[in-house]
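Asker: Any chance you could fold what I've pasted below:
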Amino acid sequence: MLDKRILEKLFRQNYSEMIHLARVLLGDDAEAEDVVQDIFLRVAEADLPPRKEGYLLTAVRNACLNRIRQMQVREKVKNLLPMGAEADLQLRGATEERADDISAYVDEHLQEPHRSIFHLRFDDDLTIAEIARRLHLNPNTTYKYLAQSIQQIRTHFKR
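Answerer: Numbers count the residues shown, from 1 in each chain. Predicted structure coming up:
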């Protein structure tokens, strides 16, 4: 754990630049503050302070790019399903019978890892990133598998 005095000094010297960069990249004050706070938490847990001059700003940039990627993946998945009063990502608007039909179809016809990804996303309400970490997959691969599963389900139930 990093000494409090060193952490306070790093905070005073770098916070304004870090928060400015995060706000510019993310366009959202709350998200920017979350990113900078996460970075300082990681630095606080480290044994040694960052040695390179631009480490903290690089960490902000990378964390912001990761957040942007996560938001884009979330947006892509949302666009795959019709959004409205009757249907959303958690199949809340679908009737119970329809949800049971979909679940049965998934269990009987989808292969792994498609089946697991679908259940983790819609039954356990995990994000693409969380699913990817749990299954040791790339987030883009996880998204692709989920998109393929949804398309297969759509095709089946349109018949």
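Asker: Tell me how far Val106 lies from Leu126.
Answerer: 16 Å (C-beta to C-beta, to the nearest Å). (Each C-beta comes from the backbone N, C-alpha and C, glycine too.)
Asker: More neighbours: which of these two?
Answerer: Taking other C-beta atoms under 10 Å, Val106 and Leu126 do not tie; Val106 has more neighbours (19 against 16).
Asker: I'd guessed the more buried one sits against Glu112; true?
Answerer: No: using C-beta atoms under 8 Å, Val106 is not in contact with Glu112; the gap is 11.4 Å.
Asker: Just the pLDDT at Ala85, thanks.
Answerer: On the pLDDT scale, Ala85 is placed at 39.
Asker: any weak-confidence spans in the chain?
Answerer: Regions of the chain meeting the criterion pLDDT under 70 cover residues 1-2, 48-49, 77-96, 159.
Asker: run the last query once more with 80
Answerer: 1-3, 7, 46-53, 71-100, 159 (pLDDT under 80).
Asker: Would you map out the domains in the protein?
Answerer: Split into domains by automatic domain parsing, the chain comes to 4-72, 81-158.
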